[in-house]
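Enquirer: Fold the following for me, if possible:
(2 chains)
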Protein chains: 2
Amino acid sequence: MKLVIKELYADAKKFADKEVTLSGWVRNNRGQKEFGFIDFHDGSFFKSVQVVYESSKLDNFKDVQKIRVGSSIEVKGNLVLTPNAKQPFEIKANEIVLLGDSPEDYPIQPKRHSREFLREVAHLRPRTNLFQAVFRLRSVAAFAVHDFFQKRGFIYTNTPLITGNDGEGAGQMFSVTTLPLNNIPKNEDGSVKYEDDFFGKETHLTVTGQLEGEAFAMAFRNIYTFGPTFRAENSNTQRHASEFWMIEPEMAFADLNENMKVAEAMVKHVIKYVYEQLPEEMEFFNQFVDTGLKMRLDNVLNKDFVRITHDEAINILINSKKKFQNLPKHGEDLATEHEKYLTEEHFDAPVFVTNWPKDIKAFYMKLNEDGKTVAAMDLLVPGSGELIGGSQREENTERLLARMKEMNVPTEALDWYVDLRRYGGCVHSGFGMGFERLIMYLTGVENIRDVIPFPRTPKNCDF
Amino acid sequence: MKLVIKELYADAKKFADKEVTLSGWVRNNRGQKEFGFIDFHDGSFFKSVQVVYESSKLDNFKDVQKIRVGSSIEVKGNLVLTPNAKQPFEIKANEIVLLGDSPEDYPIQPKRHSREFLREVAHLRPRTNLFQAVFRLRSVAAFAVHDFFQKRGFIYTNTPLITGNDGEGAGQMFSVTTLPLNNIPKNEDGSVKYEDDFFGKETHLTVTGQLEGEAFAMAFRNIYTFGPTFRAENSNTQRHASEFWMIEPEMAFADLNENMKVAEAMVKHVIKYVYEQLPEEMEFFNQFVDTGLKMRLDNVLNKDFVRITHDEAINILINSKKKFQNLPKHGEDLATEHEKYLTEEHFDAPVFVTNWPKDIKAFYMKLNEDGKTVAAMDLLVPGSGELIGGSQREENTERLLARMKEMNVPTEALDWYVDLRRYGGCVHSGFGMGFERLIMYLTGVENIRDVIPFPRTPKNCDF
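Expert: Predicted coordinates:
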């Protein structure tokens, strides 16, 4: 009976003393004189299985002893329950066939490798425990996100990646072109002859799907995007990648409060879901990656998220008498140390900070009646800082146009976006969450390069 | 009680004679002397609701009469069951508030608009019945795909969009750069100075996630990708877009037969799922888009997919005595008319064609023992042609390298890909399905531009 390890762990008793056939990879092979042990993994489950083989049973015992780490094999053997051992069962091999050899210099050996080294072999690192856990969690968390929104009737909307909008207002952009870079056609005035380019105009990789998402929210009420976005910023930090996935829900007839309600419910749903689906992985992260992880996530799960205005936040910081390197000031942005203080020390809970000074926020955010702040919200979480940023959108045509002019956003190319106000506009809101930031938060892994299968960062586009 | 239309249709009796509050958009407003009817839609459900308003009940009756198509409104009213009418209930308004006006020149009027025109207002077209149905189905079908693979333990893998591989072998590519196009830095020999570019090398938008997907299959056994891919081909057809979404599962220890089994099960699962979830939309497509749709999909659901070799296919075509414009020949590709004949006339069922001549297929496909064909499969479906293409992958290092050399695929940049054979390689298979092709098949919509929210095609990158 061909099976995978996950099925065996799900109900080992069902297979007790029966012969099973498994295929997978050798993580370790410790041959003794008359018998040996293979640490066997098949990718279906976080845990591996011990395969015991004996010279008395295998014709090819000597060859099996020599099977190297990383090789692929097929094993036929009897499942034997081992209630007193660390693992609940093992496989007593009747037959072991080498399918694909692995040389002695196989880079993934049964020892601790540095994460820096593993990034250099990103095509092999998913074979390690850490990356098995990280990328399985990434998959399950992605499904949790879809599940959350689909059950609430949100429409998954695939907004475009290549965009002609150059004023999305969220960061520097990559150019996309089919013009030959070594011989760019030019107009007489020396400018690039974009009419020869594939789209007949200048195009970039998008930094957000929000604007197009709003168009769909004005038709479907509740929508969400979940796709790649890009930043051409030359920032080499642990938290920035040039290509990453974003989740951007957008809701018609929803104000900032409703927006925060959905954000809070979504974060809690995903945490609950990965706890339920991946207890082994979560235990591993908590033991080996970040010993404060479960406590922190439990804290998020069990508390109501705090809601304070930016003004209140600044007051709390000023009154704290704490010595910050950056002085907290009304009308200015929060520094990382401020975020940390608010969410970790003062509240010890996730905190929504709302009503931000308009000058440090994007053009599309709804201007509050004070004329100074916008109906924006940032979600700060203990141990990580900003996880989500969102806002109510400016639904008033005139005010939106005025803000675009003030902030030098080209109005012509975004005329369609203004249309969404002209034609039956309404109060609406949305937020964005970097998916990798969420994965870092759920796993305790500190470098964004370690939660993306093949990360792209400045000067790095391997694989 | 604030509700959405979907909730009312789900259980109208529960709300009978109760006051409900709805917010949404006016699709039509027919004012009479003492009363009027609003065709009211809120995006939550395919069907709209009739709102009846009377001068005796509304203080602002005269203003309500003037509310134009496209406007957003809030309605408070009593739900009244109408068992003898076309719609099962209507709303007798107690209060109607205009939230957002819409001018007389609002482009989406209650009449038939051509699909060409609607493409020009792609930001508004989701407000029409057709695009409500198409894009809700797109969302639900996407979830069905995730659901299918997640339940089978496949790991959702986000492969990179920006790639340094220039030999993925699936089509022409877009360049990605941050170099200033009007002033590209050059080396002394006149070549582009890529070391100044963002990634320090030449980079493109990917045409497939398969190669990276294989790396993850060699660790997780079963994985799938579901993300955007790009083609810079200048082909203006109904079936080609420059940016589209692909689903690419990859399975270790799976041969071509297993591959076909999964493909068949996936297609059937998605059809079943959208039938269950979207009966109203499917009925609409069948009535107004393609009257053969349901019959065709039922046929797919209920039949076992046929499996024939390419050689057998050619023999069937030759023996058919049918006059084809392109003569069917052993060793050559199938033309559209051949595909049509096989799947619609000869078998009247979906058909897997396997074992294709190696010269017309990609470098990574497994060479069969005959040395002439590869273990590839195309799935042809009645009414559409090719829906899925896949293969067993060449797992033998030497044969893969030989094929790469024969086909001028650069081996150095793909050394990591060859590693997957060097280090515990095994029999493995996978396939690719263009998501938009699937949506066209499920809806009967014939132009790919009408199943992508904001399509990108040659010379077209609006919104």
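
Enquirer: tell me which parts of the stretch 301-450 of chain A are close to chain B?
Expert: Those residues of the stretch 301-450 of chain A that sit near chain B, judged by C-beta under 8 Å from any C-beta of the partner chain, are A:395, A:416-417, A:419-427. For every residue, glycine as well, the C-beta is placed using N, CA and C.

Enquirer: Tell me which two in the residues you listed are the farthest apart.
Expert: A:416 and A:427 (20.0 Å; C-beta to C-beta).

Enquirer: follow-up on the earlier one: a markdown table for the residues of the stretch 301-450 of chain A next to chain B, including neighbour count, secondary structure and pLDDT?
Expert: As requested, these are exported to a markdown table (neighbours: other C-beta atoms under 10 Å in any protein chain shown; DSSP: H, G, I helix; E, B strand; the rest coil; pLDDT from 0 to 100):
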| residue | neighbour count | secondary structure | pLDDT |
| --- | --- | --- | --- |
| A:395 | 22 | coil | 97 |
| A:416 | 18 | helix | 96 |
| A:417 | 24 | helix | 97 |
| A:419 | 18 | helix | 98 |
| A:420 | 26 | helix | 98 |
| A:421 | 23 | helix | 98 |
| A:422 | 16 | helix | 98 |
| A:423 | 27 | coil | 98 |
| A:424 | 29 | coil | 97 |
| A:425 | 26 | coil | 97 |
| A:426 | 23 | coil | 98 |
| A:427 | 20 | coil | 98 |
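
Enquirer: between those, which is nearest residue B:284?
Expert: Closest to residue B:284, out of all of these and judged by C-beta to C-beta, is residue A:424, at 22.8 Å.

Enquirer: And that closest one, how far from residue A:131?
Expert: 48 Å (C-beta to C-beta, to the nearest Å).

Enquirer: residue at max distance from the center of chain A?
Expert: The C-alpha centroid of chain A is most remote from residue A:56, which lies 49.5 Å away (C-alpha atoms, centre = their mean).

Enquirer: low pLDDT regions in the stretch 101-250 of chain A?
Expert: A:166-170 (pLDDT under 70).

Enquirer: Do a quick rundown of the helices in it.
Expert: Applying DSSP state H, counting those that start in this stretch to the stretch 101-250 of chain A gives helices spanning A:115-120, A:129-151, A:210-220.

Enquirer: what's near enough to touch residue A:325?
Expert: Taking C-beta atoms under 8 Å, 6 or more residues apart in numbering or on different chains, we find residue A:325 in contact with A:335, A:337.

Enquirer: mind checking the SS state of it?
Expert: Per DSSP: H, G, I helix; E, B strand; the rest coil, the secondary structure class of residue A:325 is coil.

Enquirer: Would you list the phi and psi of it?
Expert: Phi and psi for residue A:325, reported as degrees, to the nearest 10, are phi -70, psi -40.

Enquirer: Would you map out the domains in chain A?
Expert: Chain A breaks down by the TED database into domains covering A:5-100, A:129-171+A:207-450.

Enquirer: Residue B:48: which of those is closest?
Expert: For residue B:48, the closest of the domains of chain A is domain A:129-171+A:207-450, at 12.6 Å, according to C-beta to C-beta.

Enquirer: Measure how far the closest one is from the centre of its chain, please.
Expert: Its chain's average C-alpha position is 13 Å from that of domain A:129-171+A:207-450, according to C-alpha atoms, centre = their mean, to the nearest Å.

Enquirer: hang on, the earlier thing: point out the most buried one among the domains of chain A.
Expert: Most buried of the domains of chain A, by mean neighbour count (mean count of other C-beta atoms under 10 Å in any protein chain shown): domain A:129-171+A:207-450, with a mean of 20.

Enquirer: That concludes my questions; thank you for your assistance.
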